[in-house]
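Enquirer: how would this look folded up:
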Amino acid sequence: MKILLSGITVLALTAGLVGCNNNKGALDRNDNDVRPIGYYSNEGDNRGDLDRSKGPVTDMMDNNRTDHNVTYHEDYDGALAEKIRNRVNSMNNVDDAHVILNDNNVIVGIDTSENDKSAVDQRVYREVKKLVPNRDVRVTTDDSIVNRIKNVDNNLRDGKTTNEVSSDIKGIMADIGKAGTNLGDAVKRPFENNR
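Expert: This next block holds a predicted model:
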């Protein structure tokens with residue numbers, strides 16, 4: 001009985017191994033008959049806005065732009081924008097600042113956890129005015145406008161020209177003026193700018 005059981009086991013194993021190799025090229029290591037596999041890569045991407053040290057999925061999903069290489073367009077005064085941004089970011093009660101320069105205007109959007117946002121607006125306004133006394137300075141802590149300023153600032157930091165984002169800049173400037181009196185129009189404005 002043991003011999004019969006051993007014989008059946010050996011026969012089953014042999015049949016299984018023979019069945020695994022019915023493709024003659026299955027063990028050929030030089031066979032290049034595979035489907036092309038795509039890999040995410042930011043090689044050659046001049047935006048530099050991706051955190052290259054954490055992997056492709058993190059790079060695609062990460063919107064943190066604090067550690068990317070800034071590539072302002074050559075016609076944009078990126079050095080001044082960065083100087084203002086760094087100065088405002090170093091102030092108390094400022095979590096993050098975004099700066100847009102347009103003609104003679106300086107637009108500053110501030111993320112703050114401070115309850116008295118108007119006091120932060122005034123402190124930032126005075127500080128920025130010291131840096132650029134001959135320019136028109138507009139400062140806001142309104143969350144919806146700050147998000148729009150952040151998007152335009154990121155586009156400019158990625159090398160877009162002010163002409164490419166001019167309708168957004170005009171809308172932001174108008175909404176900063178209106179935000180104190182009619183915030184409802186300021187919320188509608190992003191949808192009107194891009195028609």
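Enquirer: Which parts of the chain are strands?
Expert: 96-102, 105-111, 136-140 (DSSP state E).
Enquirer: out of those, nearest to Ser166?
Expert: strand 96-102 (7.6 Å; C-beta to C-beta). C-beta: built from backbone N, CA, C; applies to glycine.
Enquirer: Tell me the strands beside that closest one, with direction?
Expert: strand 105-111 (antiparallel) (DSSP bridges).
Enquirer: which residues are in contact with the strand it pairs with?
Expert: Strand 105-111 has contacts (C-beta atoms under 8 Å, 6 or more residues apart in numbering) with 84, 88, 94-101, 120-121, 124, 128, 132, 135-141, 145-150, 153, 169, 172-173, 176.
Enquirer: How many residues are close by the nearest residue to Asn147 once chain neighbours are set aside?
Expert: Closest residue in space to Asn147, ignoring its immediate chain neighbours: Gly109 at 8.0 Å, by C-beta to C-beta, 6 or more residues apart in numbering. Applying other C-beta atoms under 10 Å, we find 28 residues neighbouring Gly109.
Enquirer: Go through stretch 76-85 and flag the buried ones.
Expert: Tyr76, Gly78, Ala81, Ile84, Arg85 (16 or more other C-beta atoms under 10 Å).
Enquirer: what does stretch 4-16 contact?
Expert: Against stretch 4-16 from outside (C-beta under 8 Å, 6+ apart): no residues.
Enquirer: what is the mean pLDDT for that stretch?
Expert: Across stretch 4-16, pLDDT averages out at 80.
Enquirer: what's the answer for stretch 92-107, then?
Expert: The model assigns stretch 92-107 a mean pLDDT of 91.
Enquirer: Check which residues of it are buried.
Expert: For stretch 92-107, by 16+ other C-beta under 10 Å, it's Asn93, Val94, Ala97, His98, Val99, Ile100, Leu101, Asn102, Val106, Ile107.
Enquirer: Next, the contact list for the fourth one, please.
Expert: Taking C-beta under 8 Å, 6+ apart, we find His98 in contact with Arg85, Val108, Gly109, Ile110, Val146, Ile149, Lys150, Asp153, Asn154.
Enquirer: cool, the fifth one as well?
Expert: Contact criterion C-beta under 8 Å, 6+ apart gives Ala81, Glu82, Ile84, Arg85, Val88, Val106, Ile107, Val108, Gly109, Asp153 as the residues in contact with Val99.
Enquirer: got those as a markdown table, with distance to Leu5 columns?
Expert: Output for the contacts of Val99, formatted as a markdown table (distance: C-beta to C-beta, whole Å):
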| residue | distance to Leu5 |
| --- | --- |
| Ala81 | 83 |
| Glu82 | 80 |
| Ile84 | 85 |
| Arg85 | 80 |
| Val88 | 83 |
| Val106 | 89 |
| Ile107 | 85 |
| Val108 | 85 |
| Gly109 | 80 |
| Asp153 | 77 |
